[in-house]
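Enquirer: Provided below are the primary sequence and the corresponding predicted coordinates.
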Amino acid sequence: MRKALMTSALVLATATAAGLAVASDDDVRVNVPKEQWLSIAQIAEKLTAQGYDIREIEIDDGAYEVSATKDGKRVKAYLHPATGEILRQKTRN
């Protein structure tokens, strides 16, 4: 048990020291300098090309938060600010 705790602590310390995100499922924070962020127009363009109908784009916890619809369903997605990659997505009817 003690060895497992020490191993977990070491992994956490290593990840933190390396600047990696150690987060819960609800946390989408990304540390990216603002000058590397895509513009809101670029984010909208990427999602529109993937079939999303954009309703709103906001900045939340260091990521883009997007409200949209796709295939008749409401979608809330968090996107990486520099790549536009979907970090987390929830779909509702």
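Expert: Yep, it's here.
Enquirer: From now on I want contacts and neighbour counts done on CA atoms only, so please keep to that.
Expert: Fine.
Enquirer: Strands of the protein, start to end?
Expert: Under the criterion DSSP state E, the chain contains strands at 53-60, 63-70, 73-79, 86-92.
Enquirer: what does the third one contact?
Expert: Put plainly, it is strand 73-79. 28, 63-69, 85-93 (C-alpha atoms under 8 Å, 6 or more residues apart in numbering).
Enquirer: please redo it, this time with the cut-off set to 10 Å
Expert: The contact list for strand 73-79 (C-alpha atoms under 10 Å, 6 or more residues apart in numbering) reads 27-30, 43, 47, 52-69, 84-93.
Enquirer: End to end on stretch 61-79, go ahead and measure it.
Expert: Criterion C-alpha to C-alpha, to the nearest Å; first-to-last residue distance in stretch 61-79 is 11 Å.
Enquirer: Where does the prediction get shaky in this protein?
Expert: Scanning the chain for pLDDT under 70 picks out the ranges 1-26.
Enquirer: can we see that at 90?
Expert: By pLDDT under 90, the low-scoring segments of the chain are 1-31, 61, 93.
Enquirer: so how far is the first residue of stretch 47-67 from its last?
Expert: For stretch 47-67, the separation between the terminal residues is 11 Å (C-alpha to C-alpha).
Enquirer: which residues touch it?
Expert: By C-alpha under 10 Å, 6+ apart, the residues outside stretch 47-67 that reach it are 27-34, 37-46, 68-82, 84-90.
Enquirer: Just name the most buried of the strands of the chain.
Expert: Ranked by mean neighbour count, these are led by strand 63-70 with a mean of 21 (mean count of other C-alpha atoms under 10 Å).
Enquirer: Hmm, R88 is touching H80, no?
Expert: Yes. Under the contact definition of C-alpha atoms under 10 Å, R88 touches H80, with a separation of 9.4 Å.
Enquirer: That's all I had, so thanks and see you.
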